[in-house]
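Participant: Let me see the structure of the following:
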Amino acid sequence: MAPELSIDLDELVEHWTVLDDERALVDAKHGGTRLGFALLLKHYTRHGRFPTGRTEIPDAAVEFVARQLRVPVMDIGAYEWTGRSIERHRAQIREHLGYSECSVADAQELTTWLARHVAERERRPERVRDELLARCRSERIEPPARARVERIVRSALHVSEEAVSSRVTSRLADGSRQRIAVLLAVTDDDAADAADGDVDGDRAVLGTIKEAPGSVSLDTMLTEIDKLLAVRAIGVGPEVFADVASNVVAGWRARAAVESPSHLRTHPEALRLTLLAALLREREREITDTLVDLLISTVHRVGARAEKKVTKELVNAFKRVHGKENILFRVAEASLGRPDGTVRGVVFPAVAGGEQTLRELVHEFKTSGPLYRRTVQTTLKASYTNHYRRGLIRLLDVLEFRSNATHQPIIEALAMIRRFAGAGNTTYYPLGEAVPMHRGLRGDWEDVVHREDTRGRRRVVRMVYEVATFQALRDALRCKEIWVVGADRWRDPDQDLPADYALRRVEHYRTLRKPLDPSAFVDELRDQMHAELGALNDALPKLGWLEIAERRSGAIKLTAPEAQQEPRNLRRVKAEVLRRWGTVPLVDMLKETVLRTGCLDAVTSVTAGGSIRPDVLAERLLLAIYAYGTNTGIRAVASGAHGHTEDEIRYVRRRYLTVDAARSIAVQIADATFASRRHGLWGAGSTAVASDSTHVGALDQNLLTEWHSRYHGRGVLIYWHVERKSMAVHSQLISCSASEVAAMVEGAMRHDTTMDVEANYTDSHGQSEIGFAITRLLGFDLLPRIKQINKARLYRPRAGEPDAYPRLSPALTRPIRWGIVEEQYDQLIKYGTAIRTRTASTEAILRRFTRNASHPTYAAMLEVGRAQKTIFIARYLRLRDLQREIEEGLNVVESWNGANGVLAYGKRGDIQTNRRDEQELFVLCLRILQAALVYVNTLMLQDILDEPAWSDVLTPADRRGLTPLFWMHVLPYGEVNLDMTSRLDLGADGGRGVEGLAQAR
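Facilitator: Numbering: from 1, shown residues only. Okay, here's the model as predicted:
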């Protein structure tokens, strides 16, 4: 466990105050012994164990306790941390606190308890270890040594896995077991042949099931349908894992996905069947989600291509006619002057250009009027009928759509389409057939769907009806008004909400720090609006940078803040870094970070053991991370001087370096950086992050890569959350059309580092009224840079007060509808709780709150967002410091994006894979490299600025601009030469070193 290198006053008072009942025990000692004994006692009281040495106790705690005991701090140097004296002190502390040493019987009981109550829902060793330590504290048992703790944890995980796998296997039908066994009948050589297309039938099924989908196309849709049917044919139903935690099933699925058939065959039968059953069950849900994605994308593509085709045809013939009013006047004047004349003799001569001008005028009306939409619809129908219909109709056979009563007509329409799918080329549905009418048939589609037949009867055109229904289905799916049985992301939205909400309602309100009474919530929000609007109204005459007046371009006119004083000495500091350490290879920075933080220990949380020595495994993992993070690839990295072959590195990457492992490594580096910072240099711990996305080119034979109109290319977005001192706490790989509001909330809530996020800076695309509402419910501030702030509107907190803020009236609009908020308040808290408790992804929950949705809570969410946005804009306009703070925060994440191109230089920075897990691994390894750069630079800067000659060099402007994200001294290129015994000369604690890696197991 890393020592607490930083600690605030509240923690000191709470955990390091010597209490009255401890005084007698402490006062019996003298001098340094007294101080050392008191520190042992307080550390044991807090952690339930003794410190491993002086380095584990924060300096602030030593000074705090020394002042209480009136003992000089320097006397702690005389205390002996080994020997008979400290053993006697430990025995006295145990007796005083009622603790006992862990006996063999205690270890057995702890193992049994962990296996039954913890390991069945949590498979990560570090989390199980935390539960073990907490159990020891509650049972007043002193935790055993680290090695023994690890043995207890491994034993509990093993016992639990055996018990759960036996239970899961017993639920599999005999036929399902046999079909699963067939999947592993393929040998490793056969698996290689299967990849080349030389193996058919059941032996190639496992490889096919693991394959990622291709790009949006009819072939991909048909392939995924066949894949889903193959998985379902094996017969692993939801009841098999009914009482198994979802994260445990996901862990088994990840494990089965990376293990080859030969590895899987080495497991006991129960575990082997369980791993494959988990893979099949999870893949069934994933493939179902993929098919829904394909349906949505295909329907969109059909419509988009139809519009593009028609527009191109019309634009080629289009010529805008100017002076239409004058033409109309001349035609009318000539017609009234000679009402009995012919059109050619009277009308044509009255218009400049004659007949041709009138033809162009008619054509312009047709291309911009209702005929344009009808032409698009006709073209869309033809594209659907001739190509895409085959796949979409097959989807109706494999996917089960459900909805509430409001959208049941669409479900009924799908059933009818499926029933008449094989009716041949019949144009209309049969007479007398009750054709379900739904909202997708209104508007532009109404006149196209209905047509009179040869006998003048109004009939429903079958193919047009299908097209309109699929478009309505797409809209309803996107906001989860219709869902799919057996899906994960597209499942019943009620399953996204916490199942125990009613039972733990008061607890959930308390956790979100929200009042139970909706009127109290409304009053607080309304009072804040009133206070901020009143403060802005009163301060407006004194704000030289702000004008609010009636103007066509927008009521608000805001002048940008003046430039800040430029730091003068930061270049000197960076030059000193280069002079002292020279040009440092990037791989050495990564190596130093690994040795100092022990971050590769996180890999053990996603592996199931292995025969590779820990030090060898660490080197190969390091090389794999470097290969992915720089985007140079394993083949290029394997050519360096390190003694590891390409095949060895590839094996370790496939077997050990999973997405979860890489994410855990990045989190550990971030936490180590926070712990190593000196408050005197960097200030108090940051509570704000800036989030923004960067576009990365990527191959397009997958579902994630999309065209981005702003960057004019195909690719994906990497969404970063970076705190004020340049450490990324979260990263996400998202599509170009994904919700950046959801990505912002996801990162702020689920970064998993020790940082407490209280505010989030975003660019204009990261904010919306829904975003303001969600962040208000979750308890952190959304601080965006708002695009077109000149046109922003401020809502009124109360009705009936038109003269409340006279100076702001040009920018004010209607009052907030508080009644809707009070009616839906409990539902708002329920959705906020769902995001906080991770019952579903933020994007899945926010899908219900789109403009296509008719969800009743949507209106309430918008009103809360409008109120919170008004509060923010009023503060933002009034406070110059807030404007600068947001700009500075966004500049940090822009710098992080700038470092991407320097570090990920391979293949011009483009992602050269279509596999989603490989793309995510690239992002995470790039984050690890940059985190390692920030960590080492932090230590370098501290080493320099701690010296007396540099202590008074930095000005306030220098300290404001000081950042560890710089790379003038870094060498990311060239041959990768790895020597784990060579170290960077840094003054801070050197970590475990290579010897520690070799002894880790």
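Participant: ok, residues contacting the helix or strand harbouring A773?
Facilitator: For A773, the element it lies in under DSSP states H and E is helix 769-778. Here helix 769-778 makes contact (CB atoms under 8 Å, 6 or more residues apart in numbering) with 512, 514, 525, 741, 744-745, 748-749, 760, 781-782, 784, 828-829, 831-832, 835-836, 842, 846, 849, 861-862, 864-866, 868-869, 872. (Glycine included, C-beta is placed from N, CA and C.)
Participant: Quick one: end-to-end length of stretch 943-955, please.
Facilitator: End-to-end span of stretch 943-955 (CA to CA, to the nearest Å): 18 Å.
Participant: Check stretch 638-657 too.
Facilitator: Per CA to CA, stretch 638-657 runs 16 Å from first to last residue.
Participant: what's the average pLDDT for it?
Facilitator: Here stretch 638-657 scores 90 as its mean pLDDT.
Participant: do the same with stretch 455-471
Facilitator: 86.
Participant: so where's the stretch 851-1000 of the chain shaky on pLDDT?
Facilitator: The model of the stretch 851-1000 of the chain has pLDDT under 70 over residues 851-854, 988-1000.
Participant: Could you pull out the helices in it for me?
Facilitator: 856-878, 880-903, 916-945, 948-951, 956-961, 993-998 (DSSP state H, counting those that start in this stretch).
Participant: most packed of those helices?
Facilitator: Ranked by mean neighbour count, these are led by helix 916-945 with a mean of 24 (mean count of other CB atoms under 10 Å).
Participant: what's that one packed up against?
Facilitator: Helix 916-945 sits against helix 570-581, helix 586-597, helix 614-629, helix 659-676, helix 679-682, strand 713-723, strand 728-734, helix 880-903, with contacts defined as 3 or more CB pairs under 8 Å, 6 or more residues apart in numbering; DSSP states H and E.
Participant: next structured bit after the helix holding A773?
Facilitator: That would be, after helix 769-778 and using DSSP H and E, strand 781-784.
Participant: and that next one, which strands flank it?
Facilitator: Applying DSSP bridges, strand 781-784 is found paired with strand 759-762 (parallel).
Participant: I'd say R418 and R394 touch.
Facilitator: No - R418 lies out of contact with R394 (CB atoms under 8 Å); the separation is 10.1 Å.
Participant: out of the helices of the stretch 851-1000 of the chain, nearest to S217?
Facilitator: Smallest distance to S217 across the helices of the stretch 851-1000 of the chain (CB to CB): 17.2 Å, for helix 916-945.
Participant: The closest one vs strand 713-723, what angle?
Facilitator: 40 degrees (axes from the mean of the first three to the mean of the last three CA atoms, to 10 degrees).
Participant: Check the offset of helix 916-945 from the chain's centre.
Facilitator: 19 Å (CA atoms, centre = their mean, to the nearest Å).
Participant: Also stretch 633-652?
Facilitator: Worked out by CA atoms, centre = their mean, stretch 633-652 lies 31 Å from the chain centre.
Participant: Which residues belonging to it are considered buried?
Facilitator: By neighbour count on 16 or more other CB atoms under 10 Å, the buried set for stretch 633-652 is I634, A636, V637, A638, G640, H642, H644, E646, E648, I649, R650, V652.
Participant: circling back to that earlier point, of R418 and R394, which one has the most company?
Facilitator: Neighbours per residue (other CB atoms under 10 Å) separate R418 from R394, with R394 holding more: 18 against 13.
Participant: mind checking the SS state of the residue nearest to that one when sequence neighbours are not counted?
Facilitator: Distances taken as CB to CB, 6 or more residues apart in numbering put I225 closest to R394, at 5.5 Å, once the chain neighbours are dropped. Secondary structure, DSSP: H, G, I helix; E, B strand; the rest coil: I225 is helix.
Participant: tell me the contacts of I225?
Facilitator: Counting by CB under 8 Å, 6+ apart, I225 touches L291, G391, R394, L395, V398.
Participant: okay, the fourth one: pLDDT?
Facilitator: The model reports L395 with a pLDDT of 94.
Participant: Past the helix or strand containing it, which element shows up next along the chain?
Facilitator: Taking DSSP H and E as the definition, one finds L395 inside helix 389-398. As assigned by DSSP H and E, the chain's next helix or strand after helix 389-398 is strand 401-403.
Participant: Among the helices and strands packed on helix 916-945, show the one with the smallest mean pLDDT.
Facilitator: helix 679-682 - the lowest mean pLDDT of these, at a mean of 84.
Participant: outside of the helix or strand hosting I93, which residues touch it?
Facilitator: Here I93 sits within helix 84-97, counting by DSSP H and E. Residues outside helix 84-97 that contact it (CB under 8 Å, 6+ apart) are 22, 25, 33, 36-37, 40-41, 44-45, 50, 80, 99-101, 140, 142.
Participant: who wins for neighbours among the residues you listed?
Facilitator: That'd be G36 among the contacts of helix 84-97, by other CB under 10 Å, with 26 neighbours.
Participant: ok, R232 to L280 distance?
Facilitator: For R232, the distance to L280 equals 9 Å [CB to CB, to the nearest Å].
Participant: Neighbour count: those two, which is higher?
Facilitator: Each of R232 and L280 has its neighbours counted (other CB under 10 Å); L280 has more, 24 against 16.
Participant: Pull the number of nearby residues for the closest residue in space to the more buried one that isn't next to it in sequence.
Facilitator: Take L280 and drop its neighbours on the chain: the residue closest to it by CB to CB, 6+ apart is V236, 4.6 Å away. By the criterion of other CB under 10 Å, V236 has 26 neighbours.
Participant: Would you agree V236 falls within a helix?
Facilitator: No - residue state for V236 (three-state DSSP) corresponds to coil; a helix is not indicated.
Participant: all helices of the stretch 401-550 of the chain, in order?
Facilitator: Using DSSP H, counting those that start in this stretch, helices in the stretch 401-550 of the chain cover 408-419, 446-449, 462-478, 505-511, 518-539.
Participant: For A675, find the nearest of those.
Facilitator: Judging the helices of the stretch 401-550 of the chain by CB to CB, what sits closest to A675 is helix 505-511, at 26.5 Å.
Participant: Centre of the protein to the edge, which residue is at the far end?
Facilitator: For the chain, the largest distance from the centre (CA atoms, centre = their mean) belongs to D340, which lies 74.1 Å off.
Participant: any idea which helix or strand carries it?
Facilitator: Using DSSP H and E, no helix or strand contains D340.
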